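Engineer: sequence and computational prediction follow.
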Amino acid sequence: MSNTFAKRLIAWHKRFGRHDLPWQKRKTAYRVYVSEIMLQQTQVSTVIPYYERFMKRFPTVKALAEGPLDEVLALWSGLGYYGRARRLHAAAQEIMSKHKGRFPKNLETITTLPGIGPSTGAAILSFAYNQPETILDGNVKRVLARYYMLPGPVESSAALKVLWTHAKANTPKDDAQTYNQAIMDLGATCCTRTQPTCGECPFQSDCQAFLTDSVDEYPERPKPKKKNPEHEWHLLILRHDDHLLLEKRPTNGIWGGLWHPPQLEDTELSPIDWLTEQGFPKKTVIEYRKKRSFRHLLSHKTLIITPQHLTLTKRKTPKNGTWEWVHIDAIPDRGIAKPFERVLKKLITADIT
C-alpha cells in the first residue's frame, strides 16, 4: 500500500479504533446494511440498543421482508427519520423478489435499492465483501474538509465534487474495509464536530486546518436558517375502557406510516366540537383533563403540543382516515412518533402504577 494517508490511518485504527460494535460481529451484508441505515444522522451510542432489538426480531433479510411494516416502525420508534425504516423494509422485499434474497455485489445495482445511495452502498460492499469502494458519510466529510482545509459548506455541490475526488484518491485498493472503518472512527471519536482531540490524530503533522490553527472553522457552516415557525397542536387522548383511538398516517410526509392520537392543528376548534364533527353522540365525554403543554422541535417547525385526556362513554370510529381503537397493552407494539409516544407512555405507566 503506497498511500501514506491510508497507512497512517490504519495504524491509528489498530490502536484506537472501534472493534467490538455489534454489527462487526458475525458480519454479513444484511447486518452491515441495517447498521448503516440506522447510523445515518444518528450516533452509534443511540443506535446500538435499537440495532440489537431489531436484529433479534428480524435476524435475516427474509424475516424483515416478510415482517409487517407496523412492527418495523414500532422497533424504529424514537430513532427518527422514519422514512429510513420504510425504505429499509421496501429494500428487503426487493432483495427477496428481484435478487433471490442476496445482496447485489456491485455498486451500480445495490444503489437501485430504496434508501441506498453511493456512500451507503459502498459501505455495505466494503464492510461485507472488502471491496475497494469509497465512502463519504458525515464523519469522512469532516475529516477531509479539515485535512485539506476545503472552503464552503460540505453539502454544496462544489464541495462534494472535491470531497469525492479526495476520498477516492485516499481509499486503498487492498484494505478498503479497514480504511473505511478507520476514517469513520477517526471522525466519530477524534476529529469530532466540537472539541476535537487533535493531539491524538495521526494527521496533525500535515492537517491544513490544524497547522493554521483553524480546526474549529472547518467544515464551514452553512448560512443560519431562519427561526422555525411555531405551531400549536391539541393532542386528543380519547379513551374508552382500556382502548385509545389512534390513526395511521399516510406513508408519505412527516411520520409516514406511524400511528398517532387525533391532533387538532386548528386550536380554535374545541375537543367537543371535533367529536361532534366526527359523529360522536352528545354527552359522550365523562371526564376531561387538560395537561401541560410541551415543545417538540422538528427540522422545519416547532410544535407546541397540549395533551387533552378525554374519557368517553362510547367508542366510534371516524369515517375519514385509517382509525383504530387500540388496547393500551398493545400500544408499545405500534410505531408511534416520539412526541406522541412520550404522552402515551405516561398514560400507560400511570395505569400500571
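Structural biologist: Thanks, I have it.
Engineer: residue ranges of the strands in this structure, please?
Structural biologist: 230-240, 243-248, 259-260, 263-264, 285-290, 294-297, 302-312, 322-327 (DSSP state E).
Engineer: ok, which of the ones you listed comes nearest A159?
Structural biologist: A159 lies closest to strand 294-297 among the strands of the chain, at 26.9 Å (CB to CB). Backbone N, C-alpha and C define where each C-beta goes, glycine included.
Engineer: which strands and helices sit next to the closest one?
Structural biologist: Where contact means 3 or more CB pairs under 8 Å, 6 or more residues apart in numbering; DSSP states H and E, strand 294-297 is packed against strand 302-312, helix 338-352.
Engineer: for L75, find the nearest of the strands of the chain.
Structural biologist: Per CB to CB, nearest to L75 of the strands of the chain: strand 259-260, 13.8 Å.
Engineer: any idea how far apart the tips of stretch 322-335 sit?
Structural biologist: 14 Å (CA to CA, to the nearest Å).
Engineer: so where's the protein uncertain?
Structural biologist: For the chain, residues meeting the criterion pLDDT under 70 lie at 1-2, 348-353.
Engineer: break it into its domains for me.
Structural biologist: Following automatic domain parsing, the chain resolves into domains at 4-217, 230-352.
Engineer: before we move on, back to that, out of the strands of the chain, which is the most enclosed?
Structural biologist: strand 259-260 (a mean of 23; mean count of other CB atoms under 10 Å).
Engineer: got a list of contacts for that strand?
Structural biologist: Here strand 259-260 makes contact (CB atoms under 8 Å, 6 or more residues apart in numbering) with D70, L246, E247, K248, R249, E324, V326, R334, G335, I336, A337, F340.
Engineer: change it to 6 Å
Structural biologist: The contact list for strand 259-260, computed with CB atoms under 6 Å, 6 or more residues apart in numbering, reads L246, K248, R334, I336, F340.
Engineer: farthest pair within those?
Structural biologist: So, these by CB to CB: farthest apart are K248 and F340, at 12.3 Å.
Engineer: find residues that contact each of those two.
Structural biologist: By CB under 6 Å, 6+ apart, no residue touches both K248 and F340.
Engineer: residue contacts, A90?
Structural biologist: P114.
Engineer: what is the neighbour count of the closest residue in space to R31 that isn't next to it in sequence?
Structural biologist: Nearest non-adjacent residue to R31, counting by CB to CB, 6 or more residues apart in numbering: W23, 5.1 Å away. W23 has 23 neighbours, counted by other CB atoms under 10 Å.
Engineer: and the gap between W23 and I37?
Structural biologist: 11 Å (CB to CB, to the nearest Å).
Engineer: same question for E200.
Structural biologist: 30 Å.
Engineer: these two: which has the busier surroundings?
Structural biologist: I37 (23 against 14).
Engineer: the more buried one against L88, yeah?
Structural biologist: Yes. Taking CB atoms under 6 Å as the definition, I37 is a contact partner of L88 at 5.2 Å.
Engineer: list residues touching both of these two?
Structural biologist: By CB under 6 Å, 6+ apart, no residue touches both I37 and L88.
Engineer: OK, contacts around I135?
Structural biologist: I135 touches S119, A122, A123, N180, counting by CB under 6 Å, 6+ apart.
Engineer: without its sequence neighbours, what residue ends up closest to the second one?
Structural biologist: With sequence-adjacent residues excluded and distances taken as CB to CB, 6+ apart, A122 is closest to E133, at 3.5 Å.
Engineer: re the thing from before, I'd like the strands of the chain as JSON lines, with distance to G78 appended.
Structural biologist: Putting the strands of the chain into JSON lines (distance: least, CB to CB, whole Å) gives the following:
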{"stretch": "strand 230-240", "distance to G78": "18"}
{"stretch": "strand 243-248", "distance to G78": "17"}
{"stretch": "strand 259-260", "distance to G78": "14"}
{"stretch": "strand 263-264", "distance to G78": "19"}
{"stretch": "strand 285-290", "distance to G78": "26"}
{"stretch": "strand 294-297", "distance to G78": "13"}
{"stretch": "strand 302-312", "distance to G78": "17"}
{"stretch": "strand 322-327", "distance to G78": "18"}
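Engineer: G187: which of those is closest?
Structural biologist: Comparing those by CB to CB, strand 294-297 comes nearest, at 25.0 Å.
Engineer: what pairs with that closest one, parallel or antiparallel?
Structural biologist: According to DSSP bridges, strand 294-297 forms sheet pairs with strand 302-312 (antiparallel).
Engineer: tell me what angle the strand it pairs with forms with strand 285-290.
Structural biologist: 150 degrees (axes from the mean of the first three to the mean of the last three CA atoms, to 10 degrees).
Engineer: centre of the chain versus strand 302-312, how much separation?
Structural biologist: The chain centre lies 26 Å from the centre of strand 302-312; the measure is CA atoms, centre = their mean, to the nearest Å.
Engineer: many thanks, have a good one.
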